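*Asks:* Sequence first, predicted coordinates after that:
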Amino acid sequence: MVKGFRGTVTAFPDFNAQSDAETLYNAMKGIGSDKETILDLIASRSNAQRQEIIAAYKSLYGKDLIADLKYELTGKFERLIVCLMRPPAYHDAKEIKDAVKGVGTNEKCLIEILASRTNKQIHDLVAAYKDAYGRDIEADIVGDTSGHFKKMLVVLLQGTRDESGVVNADLVEEDARELYAAGEEQWGTDEAKFIMLLGNRSVYHLRMVFDEYQKITDKSIEDSIKSELSGDFERLMLAVVQCIRSVPMFFAKCLYKSMKGLGTADNTLIRIMISRSEIDMLDIRECFRLQYEKSLYNMIKDDTSGEYKRTLLKLCGGDDDLAGEFFPEAAQIAYKMWEISAMTKVQLRGTIHPATNFDPGSDAQALRKAMKGFGTDEDTIIEILTHRTNEQRQQIRQAFKSHLGRDLMADLKSELSKNLCRLILGLMMTLAEFDAKMMRKAMEGAGTDEHALIEILVTRSNREIQAMCAAYQEAYKKSLEDAIQSDTSGHFCQILVSLVQGAREEGPADIERAIADAQELGNACNDDSSEMVMKFMSILCTRSFPHLRRVFQEFVKCTNKDIEQVIKKEMSGDVKNAMYATVRSVKNQPSYFADRLYKAMKGLGTDDRALIRIMVSRSEIDLFNIRKEFKDTHEASLHDFIQGDTSGDYRKALLLLCGGED
């Protein structure tokens, strides 16, 4: 890990505590206060210098500076400035005290602080809590929490993690196997083993344990924790693992979650910006940009206002959207992220499974009955068709025609309406027919839905693309390639035509070739834009996904840049979107689809075509994984999003496809 100072707030040169105390006093005397002077001064001093200013203020004026600031300022700005004036250990103690007092507990605050602090910071926190409140912090936390969550918090409160940096190679494999035996290998989980190992072993040791664990199980330790643990205990253990992997990345994720969506978790935002401003804010900023393709600076700028915003931006210290390369910490993290992505064998899980005791004739009769006479029994139609696999639905279609002499698709189309009709008809098509229909819809009429074209062609296997092309030719008497060429142009058209061949290489990474490919992509960054796109296309559109994971990892090493950032900065329009979607899909396809679903429902209006397309096409492949990624990234379940964004029978059918609330 990178040594040395990585904060954004440093000791102010030519510091004079008395002069600063006078400046603050003058800024607050009289009617109103000079907020700009207050924020400029306080955010430009280190915490140690702020303590000297507090002492000087009392000596000069016989008054308490914090009390005066509380009196003069208001709202979130006042909270931020006052928190900046507390010593770090006392700030942590106040946050913990607020988290456990009154009705209910702020578990997120407890997790964030206790999972991320060093032994010394924990010891200082325990002492500060005792000094400030005359109480034992462990007793207060024990009295306010329960179960394994409580036990792990108590372990972390001891501040006894091995910080020697020494790694016992023999113990690495033993610990990895003990974690496996405590979870994946047995029925039930030995939580005590997880608590002991993750709460006490050194950071360096545990990183090697996690790598060894992945080799043994073909699963990341995070995935095992998600499947074996639950509730606050699961969230705490995931936070501990994230902090072991990278404390800056952990805080980058916490900051993003504090600002995304409607409303801002200002307490979290303030707590992190203050506590990390003199430690590792530079690394947090770069991890933020790496993870979310947006600078922390710009997210704060968009999500806050007034003096509160200006103070936070000073603590942030700069806009990384203007930067070109990784900071050292982020380069290491990016390389490791690709390595983990390459090693992880994800078990893809759908939400729709074959119905037991399946009888297509009986289902056909039930569907006919639901559509006969006046009115339509939508509940029966939804119940049957969302609980059958696509293969079973095709048998129902055939039985409907064989037994009743009728076209089920035509009957459904005449009986259902709007989005429910589109969803149910989508379920009744084969995947190839459905994809062909979606491609047709994306290109017909005025305007083209380029995002739909990209999403389908980037994520389908060779076999799926070839079947889709055949279905398109059958349905529309025109080749899909010809349709794409007549509806798109330039490099974007060339990318889509390359993908629609369904000829992507298959198989594992070739290490030597991956290094050569990475070098070629790196060299292409110096070419003119047209040549760069062609070189990127020749690799990104033809190599296998396992191979590309290794290419993108080596790209970090040979350029000190992230492939996503290069695409975002050097390309534009639909070409950028296609290349970017490819990288996202290579890295984590369920996460890519989770992001597409989120964009389909957030804000005003719903992109129902995208929502239907993904829910139908992924329900038997990886919708369960998509749900998990959705929850991890957006801290809300896909189920809840659908429930809040749709209505009626359409919503009911989508929720059944979704398969659970998480």
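*Replies:* That came through, no problem. Numbering: from 1, shown residues only.
*Asks:* Going along the chain, name the helices of the stretch 51-200 of the chain.
*Replies:* Along the stretch 51-200 of the chain, counting by DSSP state H, counting those that start in this stretch, helices occupy 65-72, 75-85, 88-100, 107-116, 119-133, 137-144, 147-157, 169-182, 191-200.
*Asks:* From the contact counts, what lies against the last one?
*Replies:* Right, the one you point to is helix 191-200. Judged by 3 or more CB pairs under 8 Å, 6 or more residues apart in numbering; DSSP states H and E, helix 191-200 is in contact with helix 147-157, helix 169-182, helix 203-217, helix 231-245. (Each C-beta comes from the backbone N, C-alpha and C, glycine too.)
*Asks:* That helix: which residues count as buried?
*Replies:* 191, 194-199 (16 or more other CB atoms under 10 Å).
*Asks:* what do you get for the first one?
*Replies:* Within helix 65-72, the residues that count as buried by 16+ other CB under 10 Å are 65, 68-69, 72.
*Asks:* okay if I get the helices and strands packed on helix 191-200 as TSV plus mean neighbour count, distance to Thr311 and mean pLDDT?
*Replies:* Formatted as TSV, the helices and strands packed on helix 191-200 follow (neighbours: other CB atoms under 10 Å; distance: least, CB to CB, whole Å; pLDDT from 0 to 100):
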stretch	mean neighbour count	distance to Thr311	mean pLDDT
helix 147-157	20	30	95
helix 169-182	17	43	88
helix 203-217	19	32	90
helix 231-245	21	26	93
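*Asks:* quick one: which of those helices is nearest Ala399?
*Replies:* With respect to Ala399, and counting by CB to CB, the nearest of the helices and strands packed on helix 191-200 is helix 203-217 at 43.4 Å.
*Asks:* Please pull up the helix or strand immediately following the helix or strand bottoming out on mean pLDDT in the chain.
*Replies:* Taking mean pLDDT, DSSP states H and E as the measure, the chain has helix 328-343 as its least confident helix or strand, at a mean of 70. Scanning forward in sequence from helix 328-343 by DSSP states H and E, the next helix or strand is helix 360-371.
*Asks:* so after that next one, what's the next helix or strand?
*Replies:* With DSSP H and E, the next secondary element past helix 360-371 is helix 378-385.
*Asks:* From the chain's centroid, how far away is the top helix by length along the chain?
*Replies:* Across the chain, the longest stretch assigned as helix under DSSP state H is helix 573-601. Per CA atoms, centre = their mean, to the nearest Å, the displacement of helix 573-601 from the mean C-alpha position of its chain is 12 Å.
*Asks:* now the stretch 51-200 of the chain, which segments are flagged as low pLDDT?
*Replies:* 103, 184-189 (pLDDT under 70).
*Asks:* ok, now the stretch 501-650 of the chain?
*Replies:* For the stretch 501-650 of the chain, counting by pLDDT under 70, not a single residue falls below.
*Asks:* Show the residue spans covered by the helices in it.
*Replies:* Under DSSP H, counting those that start in this stretch, the stretch 501-650 of the chain gives helices at 511-524, 529-540, 545-559, 563-570, 573-601, 608-618, 623-634, 638-645, 648-658.
*Asks:* Would you mark the buried spots in stretch 478-489?
*Replies:* Result for stretch 478-489 [16+ other CB under 10 Å]: buried residues 480, 483-484, 487-488.
*Asks:* Touching it from outside, list them.
*Replies:* 436, 439-440, 443, 448, 450, 453, 468-469, 472-473, 476, 493, 496-497, 500-501, 574 (CB atoms under 8 Å, 6 or more residues apart in numbering).
*Asks:* For ChimeraX, write a command that selects the buried ones of those.
*Replies:* Buried residues within those, by 16+ other CB under 10 Å, are selected in ChimeraX with:
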select :436,439,443,448,450,453,468,469,472,473,476,493,496,497,500,574
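*Asks:* Inside helices: which ones of the contacts of stretch 478-489?
*Replies:* In helices, judged by DSSP H, the following of the contacts of stretch 478-489 are found: 436, 439-440, 443, 450, 453, 468-469, 472-473, 476, 493, 496-497, 500, 574.
*Asks:* how long is stretch 424-434 from one end to the other?
*Replies:* Length of stretch 424-434, first residue to last, CA to CA, to the nearest Å: 11 Å.
*Asks:* Show the average pLDDT along that stretch.
*Replies:* Stretch 424-434 shows an average pLDDT of 97 in the prediction.
*Asks:* Repeat that for stretch 351-361.
*Replies:* If you average the pLDDT over stretch 351-361, you get 95.
*Asks:* Just the buried positions in that stretch, please.
*Replies:* 351-352, 360.
*Asks:* what does stretch 530-547 give?
*Replies:* 532-533, 535-537, 539-541, 543-547.
*Asks:* for stretch 72-91, same thing?
*Replies:* 72-73, 76-86, 88-91.
*Asks:* quick one, what contacts the spatially most central residue of the chain?
*Replies:* With distances taken as CA atoms, centre = their mean, Thr633 lies nearest the centre of the chain, 3.2 Å away. Counting by CB under 8 Å, 6+ apart, Thr633 touches 591, 594-595, 598.
*Asks:* Return the distance of Ser637 relative to Arg235.
*Replies:* For Ser637, the distance to Arg235 (CB to CB, to the nearest Å) stands at 15 Å.
*Asks:* whoops, I mixed them up, Val166
*Replies:* From Val166 to Arg235 the distance is 30 Å (CB to CB).
*Asks:* What of Ala452?
*Replies:* The value you get for Ala452 to Arg235, if CB to CB is used, is 35 Å.
*Asks:* Check Ile137 too.
*Replies:* Ile137 is 20 Å from Arg235, by CB to CB.
*Asks:* who's in contact with the residue nearest to Ile66 when sequence neighbours are not counted?
*Replies:* Spatially, and ignoring its direct neighbours in sequence, Ile66 is nearest to Met85 (5.3 Å; CB to CB, 6 or more residues apart in numbering). Listed by CB under 8 Å, 6+ apart, the contact partners of Met85 are 42, 50, 54, 65-66, 69.
*Asks:* These into JSON lines, with extra columns for distance to Glu112?
*Replies:* As requested, the contacts of Met85 are exported to JSON lines (distance: CB to CB, whole Å):
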{"residue": "Ile42", "distance to Glu112": "24"}
{"residue": "Arg50", "distance to Glu112": "23"}
{"residue": "Ile54", "distance to Glu112": "26"}
{"residue": "Leu65", "distance to Glu112": "28"}
{"residue": "Ile66", "distance to Glu112": "24"}
{"residue": "Leu69", "distance to Glu112": "25"}
